[in-house]
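Peer 1: sequence first, then the predicted structure, then my questions.
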Amino acid sequence: MTPFRSLLALCLSATALAALPAARPAQAADPGMLHIFNWTDYTSPDMLKKFTKETGIKVTLDTYDSNETLLAKLKAGTTGYDIVVPSSDFVKIFVSQGLLQNADVASMANFKNLEERWKTRAWDPQAEYTVPWQWGTTSFIYDTKVYPGPVDSLETLFKPPAVFKGQVGMFGSPSEVINLALIYLGKPVCNSNPPDLKEVNALLEAQKPFVKVYNSDGIEDRMASGETTMHEVWSGDGERARVQRPTLKYVYAKEGGIGWMDNLAIPVGAPDVENAKKFMNFMMDPENAALESDFAGYQNAVVGSNKFLKPQLASAPEFNPPADYKITFAPGCPPAATKDYDRIWTLLRK
Ligand code: N2P
């Protein structure tokens with residue numbers, strides 16, 4: 001620096017200092033908080049710690065068990081959350097009801113890291129509202145010690161062998177139970193065709209004596225402890241249960257299964273939109289996405305994250321569907337189908 005420039009720098013900093021209130025000690029601005037509302041057993045504590053370490057932003061986490069629960073909460077005006085995590089088949093429903101903010105995801109710095117196939121998605125075609133979080137499949141898991149099988153069909157879940165009487169767990173939400181039943185029956189999902197729904201209704205009513213619990217929370221514990229011996233499950237929760245009880249097996253049925261992706265989104269009324277966007281961007285980094293996959297057991301959408309995965313997950317059968325497995329990503333159900341699903345569900349749960 002020339003003497004003149006260093007003098008200028010000194011004068012400028014002296015002027016800048018003079019502009020500061022004299023009594024106030026210099027300190028960093030408070031980076032604030034991030035309030036996350038996510039599914040249960042789905043948020044890596046190590047990943048959250050890393051986020052706080054890198055940004056100074058402290059995080060709170062509340063959980064829910066289904067898209068229906070999240071929808072009801074946001075519709076009732078539950079505010080205070082910066083991030084929510086709706087599934088692929090519900091994003092459009094949330095957007096059409098004005099519950100999510102356009103976060104201009106495509107313009108975020110790490111957006112380029114997404115796999116090409118997930119940059120735009122049917123449920124967010126312009127990548128405006130959502131960032132891919134985790135994706136997986138829905139099928140069922142059973143204990144091979146209780147029933148040796150072989151099992152290659154959803155029939156074992158919906159028309160269980162006698163040994164499973166009172167031993168089966170099903171999800172606690174109409175969309176996830178009914179869509180899988182429709183796959184078993186070879187019918188389109190999100191269906192409001194009366195004869196098809198009559199068949200679904202009969203199937204679920206006949207299955208009911210075998211069902212111990214309809215609950216999407218605590219599946220891992222129920223299956224690991226043997227409290228239930230067969231359960232409708234998402235692939236990663238199945239993997240976590242099988243690690244604890246190696247006789248469990250996740251089924252890739254010949255009829256196929258449901259595929260889904262859960263997505264980070266910012267609800268309308270979020271207290272700190274900037275922190276939410278920082279978190280979205282953070283999750284499109286390969287190492288951060290791998291930390292989350294390691295915890296939850298699901299695929300993410302970030303290129304280069306696989307090399308950070310723990311080997312146990314990278315080679316897990318639940319994490320690697322066979323190439324010929326038929327995966328159906330459910331679209332958002334139209335209101336007519338949702339209404340019919342609710343009716344079947346209410347009768348079933350009576
Ligand atoms: C929760 C996993 C949620 C996946 N443990 C459902 N889309």
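Peer 2: On my side now, so go ahead. Residues are numbered from 1 along each chain as shown.
Peer 1: residue numbers of the stretch 151-300 of the chain in contact with the ligand?
Peer 2: Of all the residues in the stretch 151-300 of the chain, those in contact range of the ligand (Cβ under 6 Å from any ligand atom) are W234, D237, W260, D262. Any C-beta I mention is one placed from the backbone N, CA and C, and that applies to glycine too.
Peer 1: surely the second one and E220 touch.
Peer 2: Yes: judged on Cβ atoms under 8 Å, D237 makes contact with E220 at a distance of 5.4 Å.
Peer 1: joint contacts of the two?
Peer 2: Residues touching both D237 and E220 by Cβ atoms under 8 Å, 6 or more residues apart in numbering: D41.
Peer 1: who has more neighbours, these two?
Peer 2: Each of D237 and E220 has its neighbours counted (other Cβ atoms under 10 Å); D237 has more, 27 against 24.
Peer 1: what is the helix or strand where the more buried one lies packed up against?
Peer 2: Assigned by DSSP states H and E, D237 belongs to helix 235-244. Packing partners of helix 235-244 (3 or more Cβ pairs under 8 Å, 6 or more residues apart in numbering; DSSP states H and E): strand 130-143, helix 219-225, strand 248-251.
Peer 1: what does that helix contact?
Peer 2: Applying Cβ under 8 Å, 6+ apart, the external contacts of helix 235-244 come out as 41, 134, 136-139, 141, 219-220, 223-224, 231, 233, 248-250, 296-298, 312-313, 316, 318-319, 321.
Peer 1: what is the mean pLDDT for stretch 123-140?
Peer 2: In this model, stretch 123-140 carries a mean pLDDT of 97.
Peer 1: quick check: bridge partners of E232?
Peer 2: Here E232 sits in beta bridges with F140, going by DSSP bridges.
Peer 1: kindly report the same for P267.
Peer 2: Here P267 sits in beta bridges with L100, going by DSSP bridges.
Peer 1: surely it touches V84?
Peer 2: Yes: the pair P267 and V84 qualifies as a contact (Cβ under 8 Å) at a distance of 5.2 Å.
Peer 1: for those two, indicate the residue with more neighbours.
Peer 2: Shown here are P267 and V84; by other Cβ under 10 Å, V84 has more neighbours (26 against 23).
Peer 1: got a list of what the more buried one touches?
Peer 2: With contact set as Cβ under 8 Å, 6+ apart, V84 has these partners: F37, N38, L70, L74, L100, L264, A265, I266, P267.
Peer 1: ok, now with 6 Å
Peer 2: Going by Cβ atoms under 6 Å, 6 or more residues apart in numbering, V84 touches F37, A265, P267.
Peer 1: tell me the bridge partners for the first one.
Peer 2: So the one you mean is F37. Under the criterion used here (DSSP bridges), F37 is bridged to D62, V84.
Peer 1: host element of the most centrally placed residue in the chain?
Peer 2: With distances taken as Cα atoms, centre = their mean, the residue of the chain nearest its centroid is D262 (3.6 Å). D262 belongs to strand 257-265 when assigned by DSSP H and E.
Peer 1: so what touches that strand?
Peer 2: Residues contacting strand 257-265 (Cβ under 6 Å, 6+ apart): 83-85, 87-88, 91, 100, 129-135, 137-139, 179-180, 280, 327-329.
Peer 1: which residues of the stretch 201-350 of the chain fall in helices?
Peer 2: Listed in chain order, the helices of the stretch 201-350 of the chain (DSSP state H, counting those that start in this stretch) span residues 219-225, 235-244, 273-282, 286-296, 311-314, 335-348.
Peer 1: would you turn the ones you listed into a markdown table with mean pLDDT?
Peer 2: As requested, these are exported to a markdown table (pLDDT from 0 to 100):
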| stretch | mean pLDDT |
| --- | --- |
| helix 219-225 | 96 |
| helix 235-244 | 96 |
| helix 273-282 | 98 |
| helix 286-296 | 98 |
| helix 311-314 | 94 |
| helix 335-348 | 94 |
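Peer 1: distance to K49 for these - can I get that in TSV?
Peer 2: Formatted as TSV, the helices of the stretch 201-350 of the chain follow (distance: least, Cβ to Cβ, whole Å):
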stretch	distance to K49
helix 219-225	22
helix 235-244	20
helix 273-282	12
helix 286-296	9
helix 311-314	19
helix 335-348	38
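Peer 1: residues in contact with the helix or strand W118 falls within?
Peer 2: Secondary structure assignment for W118, by DSSP H and E: helix 116-119. For helix 116-119, contacts defined as Cβ under 6 Å, 6+ apart pick out P132, A301.
Peer 1: in that helix, which residues are buried?
Peer 2: Buried residues in helix 116-119, counting neighbours by 16 or more other Cβ atoms under 10 Å, are found at W118, K119.
Peer 1: could you do stretch 57-72 as well?
Peer 2: Within stretch 57-72, the residues that count as buried by 16+ other Cβ under 10 Å are I57, V59, Y64, D65, S66, N67, E68, T69, L70, L71.
Peer 1: just stretch 259-275 next, same as before
Peer 2: G259, W260, M261, D262, N263, L264, A265, I266, P267, A270, D272, N275.
Peer 1: alpha carbons of that stretch, as PDB, please.
Peer 2: Provided in PDB are the C-alpha atoms of stretch 259-275 (Å, rounded to 0.1, in the frame of the first residue of the first chain):
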ATOM      1  CA  GLY A 259     -42.200 -44.000  -4.500                       C
ATOM      2  CA  TRP A 260     -42.100 -40.600  -2.900                       C
ATOM      3  CA  MET A 261     -39.900 -37.700  -2.300                       C
ATOM      4  CA  ASP A 262     -40.100 -35.400   0.700                       C
ATOM      5  CA  ASN A 263     -39.300 -31.800   0.200                       C
ATOM      6  CA  LEU A 264     -38.100 -28.800   2.200                       C
ATOM      7  CA  ALA A 265     -40.600 -25.900   1.900                       C
ATOM      8  CA  ILE A 266     -41.200 -22.600   3.600                       C
ATOM      9  CA  PRO A 267     -44.700 -22.100   5.000                       C
ATOM     10  CA  VAL A 268     -46.500 -18.800   4.600                       C
ATOM     11  CA  GLY A 269     -46.000 -16.800   7.800                       C
ATOM     12  CA  ALA A 270     -42.500 -18.300   8.500                       C
ATOM     13  CA  PRO A 271     -40.700 -16.100  11.100                       C
ATOM     14  CA  ASP A 272     -37.300 -16.200   9.400                       C
ATOM     15  CA  VAL A 273     -37.400 -16.800   5.700                       C
ATOM     16  CA  GLU A 274     -33.700 -16.000   5.200                       C
ATOM     17  CA  ASN A 275     -32.700 -18.700   7.700                       C
END
